[in-house]
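Visitor: need coordinates for the below:
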Amino acid sequence: MDGEIYSLDLTRKGSDSEYQLLGAENSSGSASVIEVMPGIFSILLGRRSFQVHLVANGDGLEVWAGGERHFVSMADARDRSSSAKKASAAGPMEIRAQMPGKVIKLLVEPGARVQIGQGMIVVEAMKMQNEMKSPKDGVVSRIHASEGATVLAGEALLVIE
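Guide: Now for the predicted structure:
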């Protein structure tokens with residue numbers, strides 16, 4: 001996730017899921033996960049409630065939670081070699097709008113070199129400005145949106161190669 005490697009073990013226990021997360025942060029416990037709409041999940045973790053949006057992006061997922069965007073690629077650890085881990089961010093990657101909104105500011109231009117986590121575009125949705133960050137190191141090859149443009153959920157905003 002976002003360039004960090006984690007291991008997540010999930011076990012379904014009735015309507016709940018037991019989890020163990022190992023990596024930069026370690027955590028374990030039980031959570032209730034319900035898909036309330038396609039790609040939108042309600043997660044109850046103890047007394048805390050989260051809404052998570054998932055959008056397919058190439059070989060991974062864009063995960064939106066708490067107004068923040070994360071890029072997640074998944075693989076079964078038994079099937080993944082160390083060279084495959086390095087190649088997971090290879091190839092062009094589209095950055096898409098999570099929800100309908102308005103492009104407030106472009107922070108990059110075509111041909112710009114970007115690093116993982118670098119801000120690229122600011123989109124306002126539901127009266128919140130969200131800075132979308134690069135999920136990998138690369139070069140901005142295309143920009144599909146312009147400042148002031150209205151975008152739809154899932155619409156391609158730019159491409160990083």
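Visitor: name the nearest residue to the residue nearest the centre of the chain, sequence neighbours excluded.
Guide: Against the mean C-alpha coordinate of the chain, by CA atoms, centre = their mean, the closest residue is Glu62 at 2.5 Å. What sits nearest to Glu62 in space, not counting adjacent residues and going by CB to CB, 6 or more residues apart in numbering, is Val55, at 4.4 Å. Backbone N, C-alpha and C define where each C-beta goes, glycine included.
Visitor: ok, the one you found - how many residues close by?
Guide: Neighbour count for Val55, taken as other CB atoms under 10 Å: 17.
Visitor: how about the strand or helix carrying it: buried residues?
Guide: Here Val55 is covered by strand 48-57, with elements defined by DSSP states H and E. Residues of strand 48-57 classed as buried: Val52, His53, Leu54, Val55, Asn57 (neighbour count, 16 or more other CB atoms under 10 Å).
Visitor: which strands and helices lie in contact with that strand?
Guide: Secondary-structure packing of strand 48-57 (3 or more CB pairs under 8 Å, 6 or more residues apart in numbering; DSSP states H and E): strand 40-45, strand 60-65, strand 93-96.
Visitor: poorly predicted segments of this structure, please.
Guide: 75-90 (pLDDT under 70).
Visitor: all helices of it, in order?
Guide: Secondary structure of the chain (DSSP state H): helices at 82-87.
Visitor: ok, back up a step: save the helices and strands packed on strand 48-57 as TSV, and put in distance to Gly111 too.
Guide: TSV is the format used below for the helices and strands packed on strand 48-57 (distance: least, CB to CB, whole Å):
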stretch	distance to Gly111
strand 40-45	35
strand 60-65	23
strand 93-96	16
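Visitor: out of the ones you listed, which comes closest to Ile34?
Guide: strand 40-45 (4.9 Å; CB to CB).
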